[in-house]
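# after the sequence you'll find the predicted model.
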Amino acid sequence: PTTEGDGIKLADDAVNAAYARDTFPVVAYTADELDQMAFLSPDITSYCNQQYAHWVTEGGVEEEWDAYIAQLNQMSVQDLIAEDLTQDPVFHRTEIVPMEGSMAIEEIPDWLTEQMKDVQSLLMICNTKKEAQQIFKGVRDAGFQAYHMSASMCTDHRREVLQRIRASIIEGQHVICVSTQVMQAGIDISFDRVVRVSAGMDSVIQAAGRCNRNGELHQPSIVTIMRINGENLKGLPDIAEEQNATERLISKYMDNKKAMDGDLSSQKAISAYYNELYGHVGEKTKYWLPELERYMYGMLSDNYQWTSQAMENKYVLHQAFKSAGERFNAFDQDGLDVLVPYGNGLEYIERLKEAEEHFDYENAYAIIKELKGFTVNIFEATEKKIAQMGGLHQIERFGIYYIDTPFYHQEFGICIPDTTDAAEGFWG
């Protein structure tokens, strides 16, 4: 019987077989390797730190880079660098293949449906939420288990969708997932095929990590780089620049594949990609500040444009750290965290409103601890649109913002109801 003794173990083994994975073995340095690291690392680390400080304060990295590398080689830096394990066949799980030409977004659903004839599961990663929604709408009734993922969905929502994707794949169903970059990294799901809308090669390689993850297909799986006709990346300049660098890389690769070892994920290809990317950004990396008519780079280096004799006598340092810090943002928009009416989120909204009415701080704080899985960060433009339509509210006593049910779609997450699209009733 499966309810006692060895029967329990056999039953557990049958269930676990579908999920168990071989773990990476414990590794450690040998005594000789530790001695070598102790001998070489201090001098190399000190030299690197000195050069970094010099370049940050005085510049000159482009002119001095080759000499820097030559000095590191003289210091035996290669003895500290591991052998390139990516050349081992065990790592050749995927093959990155650029699509010839480009495709209209309206054509993509039919193209994906055609690809599904050869695979059981497929993941497509898009650059924008609008792209992902439009393509998903075109495939969700194509006879597959279709799923959508984006950062407009709260964590609990995404977790439930991931669970359904895993279950569908394990059950052998035909699965297609259309997603934004939220599926690009940190997700332990393996698809037979991945399609990545053209972006930076680092993003493409991350996307490839969702394909044939465990080598279960016993041969390299295809990761397609697709260019969308007329793609609108006006509000995403970084992605646009990275995409252009990738396109230039692909052009050179197609002209001479051998120069990049016939592999767009090779070290030579990636090195060529970053040369393309940073060789064309020019003064953009100096961060021009229009309101000051100054470069942030200059403010943090010699700051000669603002330095006068009087200031030299007053301050030990000339850098405008405060002014630069006030104007620098790692992200262009910080966004607003809002509680969404998904799953238990709707109940939490009602309970918080009740707690506010009764000044029940103890109960409110207990609820707030449970909100993480039911919040979404929205940008200012979305915040304003929802507020203008009367869908954004604040529980003032606890500083919690929430949105009404019509503004959260059960497939796409946070959305703006669109009266021009009666069939869908939303815009993401």
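Alright, I've got the coordinates. Numbers count the residues shown, from 1 in each chain.
# list the residues that contact the residue positioned nearest the centre of the chain.
Residue closest to the average C-alpha location in the chain (C-alpha atoms, centre = their mean): residue 181, at 4.9 Å. Residues counted as contacts of residue 181 (C-beta atoms under 8 Å, 6 or more residues apart in numbering) are 125, 127, 151, 203. All C-beta atoms are positioned from the backbone trio N, CA, C, and that covers glycine.
# can you put these in JSON lines and add pLDDT and distance to residue 66?
Compiled in JSON lines, these are given as follows (pLDDT from 0 to 100; distance: C-beta to C-beta, whole Å):
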{"residue": "125", "pLDDT": "96", "distance to residue 66": "36"}
{"residue": "127", "pLDDT": "95", "distance to residue 66": "35"}
{"residue": "151", "pLDDT": "91", "distance to residue 66": "41"}
{"residue": "203", "pLDDT": "92", "distance to residue 66": "29"}
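# which of these has the largest number of neighbours?
Among the contacts of residue 181, the one with the most neighbours (other C-beta atoms under 10 Å) is residue 125, at 26 neighbours.
# list phi and psi for that one.
Torsion angles at residue 125 (phi, psi; degrees, to the nearest 10) stand at phi -110, psi 130.
# what's the pLDDT at the residue nearest to the centre of the chain?
You'll see residue 181 listed with a pLDDT of 92.
# ok, now residue 73?
pLDDT recorded at residue 73 is 83.
# how far away is it from residue 291?
Counting by C-beta to C-beta, to the nearest Å, the gap from residue 73 to residue 291 is 45 Å.
# do residue 49 as well
Applying C-beta to C-beta to residue 49 and residue 291 gives a distance of 34 Å.
# look at those two and report which has more neighbours.
Neighbours per residue (other C-beta under 10 Å) separate residue 49 from residue 291, with residue 49 holding more: 10 against 6.
# if I look at residue 215, how far off is residue 136?
Distance, residue 215 to residue 136, using C-beta to C-beta: 29 Å.
# cool, residue 347 as well?
Taking C-beta to C-beta, one finds residue 347 at 28 Å from residue 136.
# okay, these two: which has more neighbours?
Legend: neighbour count by other C-beta under 10 Å for residue 347 and residue 136, higher for residue 136 (23 against 13).
# tell me which strands and helices the host helix or strand of the more buried one is in contact with?
Following DSSP states H and E, one finds residue 136 within helix 129-139. The contact analysis (3 or more C-beta pairs under 8 Å, 6 or more residues apart in numbering; DSSP states H and E) places helix 129-139 against helix 108-115, strand 145-149, strand 175-179.
# how far off centre is stretch 29-44?
Put simply, stretch 29-44 sits 35 Å off its chain's centre (C-alpha atoms, centre = their mean, to the nearest Å).
# which of the helices and strands packed on helix 129-139 sits closest to residue 387?
strand 145-149 (25.5 Å; C-beta to C-beta).
# now the longest helix seen in the chain: buried residues?
When the chain is parsed with DSSP state H, its longest helix is helix 31-58. Residues 44, 51, 55 are the ones in helix 31-58 that count as buried (16 or more other C-beta atoms under 10 Å).
# same question for stretch 266-273.
Result for stretch 266-273 [16+ other C-beta under 10 Å]: buried residues 266, 269, 270, 272, 273.
# next: stretch 147-161.
147, 148, 149, 150, 151, 152, 153, 154, 156, 157, 158, 161.
# near the nearest residue to residue 385 once chain neighbours are set aside, how many other residues are there?
Once flanking residues are discounted, residue 385 sits nearest to residue 416: 5.3 Å by C-beta to C-beta, 6 or more residues apart in numbering. If you count neighbours by other C-beta under 10 Å, residue 416 ends up with 17.
# repeat that for residue 61.
When neighbours are defined as other C-beta under 10 Å, residue 61 has 13 of them.
# with residue 375 instead?
Using other C-beta under 10 Å, residue 375 has 20 other residues around it.
# okay, it: pLDDT?
93.
# shouldn't it be in contact with residue 340?
Yes - the pair residue 375 and residue 340 qualifies as a contact (C-beta atoms under 8 Å) at a distance of 6.9 Å.
# common neighbours of those two, please.
Listed contacts common to residue 375 and residue 340 are residue 154; contacts here mean C-beta under 8 Å, 6+ apart.
# so who does residue 213 touch?
Per C-beta under 8 Å, 6+ apart, neighbours of residue 213: 93, 188, 189, 190.
# Three-state assignment for the third one, please.
Translated: residue 189. For residue 189, the secondary structure call by DSSP: H, G, I helix; E, B strand; the rest coil comes out as coil.
# which residues does it contact?
Residues in contact with residue 189 (C-beta under 8 Å, 6+ apart) are 123, 162, 165, 166, 169, 210, 213.
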